[in-house]
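Undergrad: Whatever this is, show me its structure:
(2 chains)
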Amino acid sequence: MRTARLIEAGVIGVIIPLHFTMSAALGAALGNPLVGNALFQAVGALVSLLIARGELSREISGKIRSVPRWLWLGGAIAAGGILGTTILIPRIGAGNFQTLFVFAGISTGTVISHFGFLSSPVARINFMRVAGIIIMGIGASLAILGRIPFVD
Amino acid sequence: MTAVSVFVTLLVGVMLHLPAVMNAAVGKSIGSARVGNGIFWCVAACAGAVIGWNGLTDGTLLRLGGAPLWLLSAGGIGAVLIFAVAVLIPQIGAGNYKVISALGAVVGGLVISHFGLMGTPQSSITAVRLVGAALMALGASLAVMGKIPFARKRA
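TA: Here you go, the predicted structure:
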């Protein structure tokens, strides 16, 4: 059971670059990544509303008003980020993009966890975490360059 | 790949990690991850529409007829992914999810580039690139777990 769940996590990981690349390909097919990004977000909104259907109660509606408004900006930031994927993947390739994306994501997550930002569980930065980020950086260089850096 | 591309991609990586945390905080405070996610995507769709409207040029929507329609499902896949992650994390733990999905994402990206799928730039998978992906998984394990994976505690 647990092995199946771990495999699912790996499959989700594989689907992430695939759907980013599809979004980039849509922007390229339209000759306009801005409109491609808008369509991506619109379909995403429709599907997420379908998933949320039936769970919107009066109690939850009341709580929505109490959410700090700036937190909703997360959606707008995500729209900007997805636009970035739509523009960058056709230029630098899915492999390079995903490698840098994962490196930045894990590094950011480590900093967010250190400060417990937005009530996320606190996990202090220690020697092992710093070593991990450095090893990731070396791995990212190898994956992007396809050779050992500074060696002819 | 230019230094600017590297910098902007790292920025996008940071940009897309922050909303995930903000989305989780919204879901927690209203007591429904699904509704929080639904509103989150609606805000994203509004922002995307404003950006798209400003960049709309003659003929863009006409080209939609010629584009493969299955590409439109990318947004739907994104919405399902976020929901699936919310279901999976309580079962395997956030740390395990981050490390395994990071490895999957890097390998997936390398495979897409190897075949140059969907017209993206092609770069072949080599032994050095695979070692790089393995080092990224090891580094991600250390960064997320804060300890050597599978190491037993001393009595």
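
Undergrad: In chain A, which helix is the longest?
TA: Using DSSP state H, we find that the single longest helix of chain A is helix A:2-30.

Undergrad: For it, what does the pLDDT average out to?
TA: Averaged over helix A:2-30, pLDDT sits at 84.

Undergrad: so after that helix, what's the next helix or strand?
TA: Counting by DSSP states H and E, the next helix or strand C-terminal to helix A:2-30 is helix A:33-52.

Undergrad: in that following helix, what counts as buried?
TA: Within helix A:33-52, the residues that qualify as buried are A:33-49, A:51-52, counting by 16 or more other C-beta atoms under 10 Å in any protein chain shown. For every residue, glycine as well, the C-beta is placed using N, CA and C.

Undergrad: isn't B:Val35 right up against A:Gly54?
TA: No. Using C-beta atoms under 8 Å, B:Val35 is not in contact with A:Gly54; the gap is 9.9 Å.

Undergrad: Can you check what angle separates the helix or strand encompassing A:Ser107 from helix A:2-30?
TA: Using DSSP H and E, A:Ser107 falls within helix A:94-115. With axes from the mean of the first three to the mean of the last three C-alpha atoms, to 10 degrees applied, the angle from helix A:94-115 to helix A:2-30 works out at 120 degrees.

Undergrad: tell me which residues in helix A:94-115 are buried?
TA: Within helix A:94-115, the residues that count as buried by 16+ other C-beta under 10 Å are A:94-110, A:112-113.

Undergrad: Could you do stretch A:72-92 as well?
TA: Neighbour-count burial for stretch A:72-92 [16+ other C-beta under 10 Å]: A:72, A:74-92.

Undergrad: cool, and stretch B:53-65?
TA: Buried residues in stretch B:53-65, counted by 16+ other C-beta under 10 Å: B:55, B:60, B:64.

Undergrad: Got the domain ranges for chain B?
TA: Following automatic domain parsing, one gets these domains for chain B: B:1-52+B:79-92, B:93-146.

Undergrad: go on, chain A?
TA: A:1-92, A:94-152.

Undergrad: Take those and write them to TSV, including distance to chain B.
TA: Converted to TSV, the domains of chain A look like this (distance: least, C-beta to the nearest C-beta, whole Å):
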stretch	distance to chain B
domain A:1-92	2
domain A:94-152	3
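
Undergrad: Distance from the worst-scoring helix or strand of chain A on mean pLDDT to the middle of the chain?
TA: Using mean pLDDT, DSSP states H and E, helix A:58-66 stands out as the lowest-scoring helix or strand of chain A, at a mean of 81. Remark: helix A:58-66 is offset 27 Å from the chain centroid, using C-alpha atoms, centre = their mean, to the nearest Å.
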